[in-house]
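Peer 1: dropping a prediction and its sequence here:
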Amino acid sequence: MARRHVRVVGAMLQNDGGRYLITQRPPSASLPLLWEFPGGRVEEGEDDATALAREILEEMGVAVHVLEQAMHTRHEYPTYDIDFRVFHCRMAEPERNIRHLRVHDHRWVTLEEMAGYRFPDADAKTLAKLLDLDS
Ligand SMILES: Nc1nc2c([nH]c(=O)n2[C@H]2C[C@H](O)[C@@H](COP(=O)(O)OP(=O)(O)OP(=O)(O)O)O2)c(=O)[nH]1
């Protein structure tokens, strides 16, 4: 059978204090309880920015502004490949409006703190780029 190719978009969402939003995958999802950049799969016929704003609204009930692309990377998981694009984003409403609709938890973290969380393997390059931006 052909390998599955999944197109995924994620947010590098920075607040006014310079912290980044990371979210924890639900215990019942694939890659359970890992931390990630909020986002998800792009649906058929959908553009990246629309998909990212939709995913964040579905997951946390908040609107974001999707800005420029920060990163494009591919990763092979054992049973599927992901094509992962990360976009800079800003909140379009107050942080206190965030709800855990389809995320287990969320945190606003500094880059130093981010290193202490477990992310999926596909995120290694994005994390490296963030740390590089900081240096
Ligand atoms: N949103 C997001 N997804 C990521 C990141 N890193 C990474 O490998 N992924 C993977 C996990 C999933 O396989 C896919 C995101 O799709 P999704 O969040 O809609 O996943 P899903 O629960 O529908 O996936 P699945 O259980 O059906 O496999 O991309 C990341 O930083 N953010």
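Peer 2: Nice, thanks for sending it over. Quantities reported herein were computed from a predicted structural model and do not represent experimental measurements. Residues are numbered from 1 along each chain as shown.

Peer 1: grab the nearest non-local neighbour of residue 4.
Peer 2: For residue 4, the nearest residue in space outside its immediate sequence neighbours is residue 80; the separation is 3.8 Å by Cβ to Cβ, 6 or more residues apart in numbering. For the C-beta atoms, the positions are set from N, CA and C on the backbone; glycine is no exception.

Peer 1: tell me how many other residues crowd the one you found.
Peer 2: 12 (other Cβ atoms under 10 Å).

Peer 1: also the one 3 residues further on?
Peer 2: Taking other Cβ under 10 Å as the neighbour definition, residue 83 ends up with a count of 15.

Peer 1: residue 128 now?
Peer 2: 12.

Peer 1: from the ligand, how far off is it?
Peer 2: Per Cβ to the nearest ligand atom, to the nearest Å, residue 128 is found 13 Å from the ligand.

Peer 1: next one: residue 90
Peer 2: 18 Å.

Peer 1: what of residue 122?
Peer 2: Distance from residue 122 to the ligand, by Cβ to the nearest ligand atom: 3 Å.

Peer 1: separation between the residue nearest to the spatial centre of the chain and residue 115?
Peer 2: Centroid check for the chain by Cα atoms, centre = their mean gives residue 37 as the closest residue, at 2.2 Å. From residue 37 across to residue 115, the span is 15 Å (Cβ to Cβ, to the nearest Å).

Peer 1: what does residue 22 give?
Peer 2: Using Cβ to Cβ, residue 22 is found at 11 Å from residue 115.

Peer 1: neighbour-wise, which of the two wins?
Peer 2: More crowded of residue 22 and residue 115, by other Cβ under 10 Å: residue 22, with 22 against 12.

Peer 1: show me what contacts that one?
Peer 2: By Cβ atoms under 8 Å, 6 or more residues apart in numbering, residue 22 lies in contact with 35, 36, 37, 38, 106, 107, 109, 114, 117.
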